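>>> only geometry, no sequence info:
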């Protein structure tokens, strides 16, 4: 009897120890954060920003001796299978794009502002007076199957996107800017009349209008080629299911597709026909890795580098000795929007109604901006991988972003002061301010649901507002699921006074799509003559002059700061953990780095 | 019996019809649609509207339903918006993965649980029995994702015994023996986790049944006839104790296609569970409705199968 009891007790103790061990591991991280962060936040953001830049190099340094060839093992962190549409013209999933980046069909190289340059396979010449662009192939270039690249391959994507059977989002207002695109789409013409093949290597495109956006790949210009000798014979309706897209894509990139396991993994081999030379690696293998084990996979040397690595796993990889963390700022900002009107779906125009909106008072909006302790949130909840945004243009666009703008630095006294001056006083003594007319002021916030961090962050913001005496409540009573959120925000649901959204901006910095009077995505529904003027100036023909455009961008950012219809909240970083056996890698946007330069210094990833 | 089977199949038709109707309406009630997630500053709202029109999202729900039903009868379940693939292709690939994973899991589950249950029942109240019961409760208490993560971290990454993600290695040539081996190798670890987690029910049922049977008259008779103890257990008690497990066998078989979102996500294994959740999040109507219909059909089929199996193993039961 005693023995049995002992045995059971021993088992129990062992089990409890095991549980305790699990607990320790899980709880150690979050409890540490508040301590470390409280010291470093008060000093303001400039320092924070600098230190993050120091934390994350963009260029990998490895002086080791390279081995001959070798295969790079890439983890694509994703909790669901990738779609597997390997065509720049047709893909929709960001993970497909990540995979395609190893085998790019891009005709042009881009500079730090993502503007097209003439150093790639082709060069572009824009004739602003005649609304015309000429694309010329710079040199003899071969597809990965050995066929030469020709003018037809540049035209092919237009014939796909404009086709009546094409059912994607790319046949848009921009695309219709090409002369003859609408007629082609309606089935009235066999080709797009505005696109002419001048000779084997030259294509001329006639637009209805040309703006500086064309250098960002806008205005309808398409910057990738499609192998017309292969996809040209496949009906557009069947293209998505075709082998040319899903099984055996032909490309212009440094690597070419070798094998594909749908949704799971892709292997590439060196493309001998690559225009800029042959890759030093023999090949690349990309495998989807669940986010829960991404950090562990890097730690145990299962992979050489991890694409779309979750920043929430930063704490688990930052101290690893076998990897280097590269980091860069993302094309992203999150923002606080104030509903100041409605979108009229009949006229397709934004109708701003400052007087009739609960958030119509600019002083109230400004105070709400100053009351948010975004600096603290960035440090504590996001380990410094986010920073307070000062403007509505991500700093990645160095020529357009305005670093001199202060933005809304956390300043509760100022917020209190503004509210006091504007007549928001606590009349009934419940600790919350009433509006200048002495009536209860309850502001409804719509916020998207996400991970647990998101919930804590939103609660913290609500608390921030309460500290300056503002009663902000969650619309619908809780965080709102992504689809529902945008449904409500876009429909100008009367339940919503303010909302917290985010944009991945893409490489075209033009703000027209998000803030013009015709934009459905202008969710705050704010427009004014001055704003329209600035937006038009940014995309005007005069703005083909880079300095003029940059100055208009600055003016626009300052104007947006002044009217505070939308308050920028956070920019964020993206991380690329990379194993120490990799040599030559550059994560920055503006770079001459080419995938062919990557080398390895050992036969297997360092553990 | 065949009459009953046919009758049950006929009853399924209105049941499935009602189910499909309910699901279709509820799916449409969900805010947003497949295009909501596609919006970036560069997408053209007019084009998105055009695509919505083309997809028929502005038709009244009953028109949409009739269209969908009509096509479904011809074997065309529509296109998945989030995967840009015909639904049948999409589900086909996933269903096969899930089926093999579940089959191996269930096999391992019985292989593990039946001996444990029998031993616990036979040696009731010994240290062996107590350990088995203790084990089964621990396993019952561990959440799926915890055991999944621990095993992938330990056996996958630390020890390197098993692959950590995917259903097959990229180097394997489809159609070769190596390809099949690679598939089996990839599903072993998730299947084991699945099996270990499922043991509790089987162990407890078996144990209780065996303990109950021990005092039954037919056991006493068998012993009185001088049948050796081992044979009493293997022939008389064991067979009768399996009845409650046989009762669930039908459901177990049809559940093979259900999949498990946790296991599939942790092991990066493309299966039905994950597909279902993804379809809901992405408002992929055609996939949601097809999957629910399939699951509904399988559940009905499972209950029918269970009845048939019971009537075979237990002659006292007649299903006519």
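Everything's here; your move. Given the structure is predicted, the values throughout are model-derived calculations rather than measurements. Residues are numbered from 1 along each chain as shown, chains lettered A, B, ... in the order given.
>>> how about the closest residue in space to residue A:349 that isn't next to it in sequence, what does it touch?
Once flanking residues are discounted, residue A:349 sits nearest to residue A:517: 5.6 Å by CB to CB, 6 or more residues apart in numbering or on different chains. Every C-beta, even on glycine, is put in place using the N, C-alpha and C of the backbone. Residue A:517 is in contact with A:349, A:350, A:527, A:531, A:532, counting by CB atoms under 8 Å, 6 or more residues apart in numbering or on different chains.
>>> cool, and residue A:280?
So residue A:280 contacts A:66, A:69, A:596, A:597, A:598, A:599 (CB under 8 Å, 6+ apart).
>>> Can you say which helix or strand has it in it?
Assessed by DSSP states H and E, residue A:280 sits outside every helix and strand.
>>> Same question for residue A:251.
For residue A:251, there is no host helix or strand (DSSP H and E).
>>> give me the number of residues near it?
Number of residues near residue A:251 (other CB atoms under 10 Å in any protein chain shown) recorded here: 27.
>>> Could I get the contacting residues of it?
Residue A:251 neighbours (CB under 8 Å, 6+ apart): A:103, A:104, A:105, A:143, A:144, A:227, A:257, A:271.
>>> Up against chain B, what does the stretch 301-450 of chain A have?
residue A:302 (CB under 8 Å from any CB of the partner chain).
>>> Restrict the contacts of residue A:251 to the buried ones and give me that as a ChimeraX selection.
To isolate in ChimeraX the members of the contacts of residue A:251 that are buried, counting by 16 or more other CB atoms under 10 Å in any protein chain shown, one can use:
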select /A:103,104,105,143,144,227,257,271
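>>> Of all the residues in the stretch 301-450 of chain A, which one is nearest chain B?
residue A:302 (6.6 Å; CB to the nearest CB).
>>> Surely that residue is in a helix?
No. According to DSSP: H, G, I helix; E, B strand; the rest coil, residue A:302 belongs to no helix; its state is coil.
>>> what does the stretch 101-250 of chain A put close to chain B?
So far as CB under 8 Å from any CB goes, the stretch 101-250 of chain A lies against chain B at A:167, A:169, A:170, A:171, A:172, A:173, A:174, A:218, A:240, A:241.
>>> Narrow these to just the buried residues.
Counted by 16+ other CB under 10 Å, those give A:167, A:169, A:170, A:171, A:172, A:174, A:218, A:240 as buried.
>>> out of the residues you listed, who's nearest residue A:96?
Distance to residue A:96 across these (CB to CB) is lowest for residue A:240, with 12.0 Å.
>>> Show the low-confidence segments of chain B, by residue range.
Scanning chain B for pLDDT under 70 picks out B:37-38, B:41, B:318-320.
>>> returning to what we had before: now the residue of the stretch 301-450 of chain A closest to chain B, what are its backbone angles?
When read as degrees, to the nearest 10, the backbone of residue A:302 gives phi -70, psi -30.
>>> Looking at the buried ones among the residues of the stretch 101-250 of chain A next to chain B, which are in helices?
Among those, none falls in helices (DSSP state H).
>>> Widest-spaced pair of these?
Across these, the longest distance by CB to CB is 24.9 Å; it joins A:218 and A:240.
>>> Determine the number of other residues adjacent to residue A:324.
20.
>>> doesn't residue A:583 make contact with it?
No. Applying CB atoms under 8 Å as the test, residue A:324 and residue A:583 come out as separate, 11.1 Å apart.
>>> joint contacts of those two?
By CB under 8 Å, 6+ apart, residue A:324 and residue A:583 have these common neighbours: residue A:60.
>>> what comes up buried for stretch B:57-65?
Within stretch B:57-65, the residues scored as buried using 16+ other CB under 10 Å are B:57, B:64, B:65.
>>> And the second one, how far from residue B:20?
Relative to residue B:20, residue B:64 is positioned 12 Å away (CB to CB, to the nearest Å).
>>> what does the first one give?
Between residue B:57 and residue B:20 the distance is 18 Å, computed by CB to CB.
>>> from the chain's centre, how far out does stretch A:161-172 sit?
Put simply, stretch A:161-172 sits 23 Å off its chain's centre (CA atoms, centre = their mean, to the nearest Å).
>>> Would you mind measuring from the residue of chain B found nearest chain A to residue A:488?
Chain B approaches chain A most closely through residue B:32 (2.7 Å), counting by CB to the nearest CB. Applying CB to CB, the value for residue B:32 to residue A:488 is 10 Å.
>>> can you give me the strands in chain B?
Here chain B has its strands, by DSSP state E, at B:79-80, B:85-86.
>>> Neighbouring strands - and their directions - for the last one?
The one in question is strand B:85-86. strand B:79-80 (antiparallel) (DSSP bridges).
>>> Now intersect the buried residues of stretch B:57-65 with the helices, please.
Per DSSP H, the buried residues of stretch B:57-65 map to helices at B:64, B:65.
>>> Show me which of the buried residues of stretch B:57-65 is closest to residue B:139.
residue B:65 (43.6 Å).
>>> contacting residues around residue A:292?
A:79, B:145, B:149, B:265, B:266.
>>> measure it to residue B:229 for me?
49 Å.
>>> I figured residue A:472 hits residue A:466, correct?
Yes. If you go by CB under 8 Å, residue A:472 and residue A:466 touch, sitting 7.4 Å apart.
>>> So between the two, which is more surrounded?
Neighbour tally, residue A:472 and residue A:466, criterion other CB under 10 Å: the higher count belongs to residue A:472, 22 against 14.
>>> what's the average pLDDT for the helix or strand containing the more buried one?
Per DSSP H and E, residue A:472 falls inside strand A:471-474. Average pLDDT, strand A:471-474: 92.
>>> for stretch A:347-355, same thing?
89.
>>> end to end, how far does it reach?
End-to-end distance for stretch A:347-355: 21 Å, by CA to CA, to the nearest Å.
>>> which residues sit against it?
With contact meaning CB under 8 Å, 6+ apart, stretch A:347-355 is reached by A:340-344, A:360, A:516-520, A:522, A:525-528.
>>> Now the buried members of those.
Buried among the contacts of stretch A:347-355 by 16+ other CB under 10 Å: A:340-343, A:360, A:516-520, A:522, A:525-527.
>>> check whether stretch B:105-120 contacts chain A.
No. Stretch B:105-120 stays clear of chain A (CB under 8 Å from any CB), getting no nearer than 14.9 Å.
>>> mind listing what's buried in that stretch?
B:105-106, B:108-110, B:112-114, B:116-120.
>>> near chain A, which residues of the stretch 51-200 of chain B?
B:51, B:54, B:82-86, B:89, B:93, B:127, B:130-131, B:134, B:138, B:145-146, B:149, B:152-153, B:156-158, B:160, B:164-171.
>>> now with 6 Å?
The stretch 51-200 of chain B comes close to chain A at residues B:83, B:84, B:127, B:152, B:153, B:157, B:165, B:166, B:168, B:170, as judged by CB under 6 Å from any CB of the partner chain.
>>> What subset of these is buried?
The neighbour-count test (16+ other CB under 10 Å) applied to those identifies B:83, B:84, B:152, B:153, B:157, B:165, B:166, B:168, B:170 as buried.
>>> What backbone torsions are found at the first one?
The main-chain torsion angles of residue B:83 are listed as degrees, to the nearest 10 and equal phi -110, psi -10.
>>> okay but it is in contact with residue B:90, surely?
Yes. Between residue B:83 and residue B:90 there is a contact under CB atoms under 6 Å: 5.4 Å.
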